[in-house]
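Q: predicted model, plus sequence, below.
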Amino acid sequence: MVEELGTRSRRTELLIKGHLYELQEINDEVLGGRQGYPMSEQGYKATLVNVSECADLDVVDEVAEYIKESIQDNGERPKNRKIRRVARTKVTEAGYPANSYLNAA
């Protein structure tokens, strides 16, 4: 059981880092610069981590995809408050209770 938790934790960490890397690439491609990106990235990371604590990794993937599509479709980074609301909705629709971080949005 301990190995499973450690593996899941590492798997979750790698998944979130991978999504953040992809978000950075999309940000650079679509927006052409990183001004303001570090603050956005911190918010996106916090949201993805909180989703992983509430739900399974498929929901983390869904939230990350939403952020990526939002940047590509709108040509700007979405506000973290909106991402948290979307994340809360996706967590709830998947049948999991949202935590206080997601509920605060």
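A: Now that the structure is in, tell me what you want to look at.

Q: going forward, measure contacts between C-alpha atoms and count neighbours the same way
A: Noted.

Q: number of residues surrounding residue 62?
A: Residue 62 has 16 neighbours, counted by other Cα atoms under 10 Å.

Q: now do the one 3 residues further on
A: The local packing count at residue 65 equals 15, with neighbours defined by other Cα under 10 Å.

Q: again with residue 24
A: A total of 18 residues lie near residue 24 under the criterion other Cα under 10 Å.

Q: host element of it?
A: Here residue 24 sits within helix 2-31, counting by DSSP states H and E.

Q: give me the mean pLDDT for that helix.
A: Helix 2-31 comes out with an average pLDDT of 84.

Q: now for that helix, which elements pack on it?
A: Packing partners of helix 2-31 (3 or more Cα pairs under 8 Å, 6 or more residues apart in numbering; DSSP states H and E): helix 37-54, helix 57-74.

Q: would a markdown table of the ones you listed with distance to residue 86 and mean pLDDT be doable?
A: Output for these, formatted as a markdown table (distance: least, Cα to Cα, whole Å; pLDDT from 0 to 100):
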| stretch | distance to residue 86 | mean pLDDT |
| --- | --- | --- |
| helix 37-54 | 10 | 96 |
| helix 57-74 | 7 | 97 |
